[in-house]
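Trainee: I need the structure of the sequence given here:
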Amino acid sequence: MQEIMITNKIIRLFKQKGLGTVLPPITPVSGGFLHRMYRVNTEDRSFAVKHLNPEIMQRPAAAENFRRAEALEAVLEAGGLPVVAAMTVNGRKLQTLDGAYIYLFPWQNGTTTDWYHTTAEQCRIAGSIQGRIHALSSRQIEKPEPERSAIPWDEYIRQASAQNSELAPLLRENEALLIYAQEQMNAAGAALPGIETITDEDMDPKNVMWDGAKPAVIDLECLEYGNPVSSAIQLSLQWSGITICDLDFAKLKAFFDGYLEAYDNGFRDYDRVFGLAYTWIEW
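Mentor: Numbers count the residues shown, from 1 in each chain. Next comes the predicted model:
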């Protein structure tokens, strides 16, 4: 029933915006954990339609977050980055109809890779794209007070033990490691330079489509201003295999080869910020 309702809204939206007559069927496509994606065909072109999760759109900060991302997306478009940006229709990117929030995209041919199948060349290209994004609006800022992680591992272990949780022995066995990781992450945050750029923290392998060797970055809703060193560290690790606990240093080097060729802010103390690799403890 819900799919039928969404389908009807898409048909009405296309008619309302003068985008052409929708040719059935409207096909759900994979991709995205929070929102729903569909392929929609008209007589002369194909679209990717993203129906945003209504629960997320009810959050107080959601509208402002999307507006900020849209503005930064326009900067990437103007800078010639290989991105699939939401279409502007009647002066707006985000379309609304009867409580539904919808983005429209030109259909992008290609496929994404995954954590297991990235190549060194894809890592180099991904690093170059991230570097080009960071180079668009790089500026020195007063070094902010770093956020510190202060997870009370001893209290979590006490609570888990009191509840006879199967996690209790795992936490006890790894308490020293968890404390070490937290300390290293906090030290890395304190060592970050005072630089701010546009960042795309979500540009992991699932959000880059490849049409042969040609890349296109999708899902740009996480664009914001942030620290480029932190962003480069996090993404280089993801592209080179840390997510599957199989870090490939050749891929890591390839990512930074591409990155530093596109953008070099002069920072060289990456060994001091490698503790950012431990952000998993916050999860």
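Trainee: state the distance from the nearest residue to Trp107 once chain neighbours are set aside to Val273.
Mentor: Of all residues beyond its chain neighbours, the one nearest Trp107 is Ser46 (3.7 Å), with distances taken as C-beta to C-beta, 6 or more residues apart in numbering. For glycine as for every other residue, the C-beta is placed from the backbone atoms N, C-alpha and C. Separation of Ser46 from Val273 (C-beta to C-beta, to the nearest Å): 43 Å.
Trainee: neighbour count for the two, which is higher?
Mentor: Val273 (23 against 14; other C-beta atoms under 10 Å).
Trainee: and that one, its phi and psi?
Mentor: Per-residue torsions, Val273: phi -110, psi 10 (degrees, to the nearest 10).
Trainee: per-residue confidence at Asp271?
Mentor: Per-residue confidence (pLDDT) for Asp271: 89.
Trainee: if I look at it, how far off is Cys245?
Mentor: 21 Å.
Trainee: ditto for Pro152
Mentor: For Pro152, the distance to Cys245 - C-beta to C-beta - is 26 Å.
Trainee: ok, the two, which is more surrounded?
Mentor: Ranked by neighbour count (other C-beta under 10 Å), Pro152 and Cys245 place Pro152 first, with 9 against 6.
Trainee: that one and Thr88, how far apart?
Mentor: 48 Å.
Trainee: next one: Tyr263
Mentor: Taken as C-beta to C-beta, the span from Tyr263 to Thr88 is 28 Å.
Trainee: which of the two has more neighbours?
Mentor: Using other C-beta under 10 Å as the criterion, Tyr263 and Thr88 rank with Tyr263 on top: 20 against 13.
Trainee: which pLDDT value goes with Asp114?
Mentor: For Asp114, the model assigns a pLDDT of 88.
Trainee: confirm for me that it is in contact with Lys206.
Mentor: Yes. Between Asp114 and Lys206 there is a contact at 6.8 Å, judged by C-beta atoms under 8 Å.
Trainee: what about the two, which has more around it?
Mentor: For Asp114 versus Lys206, the count of surrounding residues by other C-beta under 10 Å is larger for Lys206: 17 against 12.
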